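>>> Sequence first, predicted coordinates after that:
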Amino acid sequence: MPLAPIDHQTTDYDLSHAYWLAKASELAYRDQDVARSALAEWGFDRFRHFASRHQMPFPLDDTQAYTAASDRMIITAFRGTTPHEIRDWLTDGTTPPVPGPANKGFVHHGFHQALASVYPDVRDAVEEFRTGGQTVWFTGHSLGGALAMLAGTRMYFEEPRILADGIYTYGQPRTCDRLLAAAYNSALKRRTYRFVNNNDIVPQVPPAPLFTHVDTVKYFDAHGRIHDRLPFVDVLRDRVTGRTADMFAPASDGVRDHFMPAYLANLEKNLV
């Protein structure tokens with residue numbers, strides 16, 4: 001059964017919209033011309049790509065994102081990175097967290113620097129494209145999810161005239177401390193959906209309690225079924241199931257569960 005096309009009039013949580021924003025996140029990994037062409041087919045006639053080389057030595061070399069707009073909707077998607085790269089990056093404990101947007105709490109230093117390198121251009125593009133009160137959405141996978149969450153945070157606390165209608169992330173790492181998470185949840189909890197696939201390793205780093213997650217979580221179990229927050233014991237049992245499901249898999253379960261195709265497959269499974 002073919003999936004319905006993206007609905008440009010969506011204003012609230014919808015699983016079909018979650019699928020299309022996951023597809024938008026996947027496009028952030030592609031060449032900008034490929035992304036532009038695909039989004040044009042979806043009905044987005046304005047497109048701007050952003051890329052910035054980091055000026056400080058990170059395991060990740062650059063930040064990339066794009067903003068696409070139609071007459072009803074604006075999507076900004078941030079590119080992620082591979083599990084191996086992000087593990088090296090996030091476990092580097094030599095740099096302390098830095099103050100978060102509007103000095104609310106703290107964020108991981110690398111996330112802050114990565115977003116800062118493109119945020120002014122992203123903000124300007126959203127403002128330029130928002131000519132008719134379009135809805136505004138941020139999305140990303142892996143590192144891109146952290147940047148999408150922080151972009152929505154900065155937009156809310158620093159540019160309050162533009163409030164994100166939704167922030168959808170996939171395999172997002174822990175991004176901030178409890179103070180910023182609390183401020184974020186008070187403002188954006190009902191607009192945020194953080195998808196986690198079973199044993200995905202990236203949402204488990206960087207380490208707690210220094211870093212934490214924001215709400216609201218959407219969890220895929222070992223069979224690909226989607227849940228709102230599960231009891232802790234059920235999550236542990238389900239993670240064991242996931243680890244033993246395929247003993248001959250070419251990658252560890254935690255890495256395999258992180259890949260974007262796994263998220264897209266689970267979303268499709270729950271839509272049909």
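Noted; the coordinates are in hand.

>>> most centrally placed residue in this structure?
Closest residue to the average C-alpha location of the chain: residue 145 at 2.1 Å, with CA atoms, centre = their mean.

>>> a helix runs through that one, doesn't it?
Yes: assessed with DSSP: H, G, I helix; E, B strand; the rest coil, residue 145 lies in a helix.

>>> show me the contacts for it.
25, 78, 80, 139, 169-173, 194 (CB atoms under 8 Å, 6 or more residues apart in numbering). Backbone N, C-alpha and C define where each C-beta goes, glycine included.

>>> Relative to residue 166, how far out is residue 216?
In this view, residue 216 and residue 166 are 11 Å apart by CB to CB, to the nearest Å.

>>> of these two, who's got more company?
residue 166 (24 against 16; other CB atoms under 10 Å).

>>> sorry, back to before: mind listing which of the contacts of residue 145 are in strands?
Counting by DSSP state E, the contacts of residue 145 place 78, 139, 169-170, 194 in strands.

>>> Identify the farthest-apart pair in the contacts of residue 145.
Using CB to CB, the two most remote members of the contacts of residue 145 are 139 and 173, lying 15.3 Å apart.

>>> When those two are compared, which one has more neighbours?
Each of residue 139 and residue 173 has its neighbours counted (other CB under 10 Å); residue 139 has more, 31 against 27.

>>> List the contacts of that one.
Residue 139 neighbours (CB under 8 Å, 6+ apart): 21-22, 24-25, 75-78, 145, 148, 167-170.

>>> tell me which of these is nearest to residue 267?
residue 22 (5.8 Å).

>>> isn't the closest one right up against residue 168?
Yes: with contact defined as CB atoms under 8 Å, residue 22 reaches residue 168; the gap is 7.4 Å.

>>> list the residues that contact both of the two?
Common contacts of residue 22 and residue 168, defined by CB under 8 Å, 6+ apart, comprise 139, 195.

>>> Of these two, give the one with the bigger neighbour count.
Applying other CB under 10 Å to residue 22 and residue 168 shows that residue 168 carries more neighbours, namely 30 against 25.

>>> can you count the residues close to the closest residue to that one other than its chain neighbours?
Once flanking residues are discounted, residue 168 sits nearest to residue 21: 4.3 Å by CB to CB, 6 or more residues apart in numbering. Neighbours of residue 21 under the rule other CB under 10 Å: 29.

>>> Please work out which residues outside the host helix or strand of residue 21 touch it.
Using DSSP states H and E, residue 21 falls within helix 15-27. Contact partners of helix 15-27, identified using CB under 8 Å, 6+ apart, comprise 3-4, 6-7, 10, 34-35, 38-39, 42, 66, 68, 75, 77-78, 80, 137, 139-141, 144-145, 166, 168, 170, 193, 195, 218, 226, 260, 263-264, 267-268, 270-271.

>>> 7 Å - rerun?
Applying CB atoms under 7 Å, 6 or more residues apart in numbering, the contact partners of helix 15-27 are 3-4, 6-7, 10, 35, 38-39, 75, 77, 137, 139-141, 144, 168, 170, 193, 195, 260, 263-264, 267-268, 270-271.
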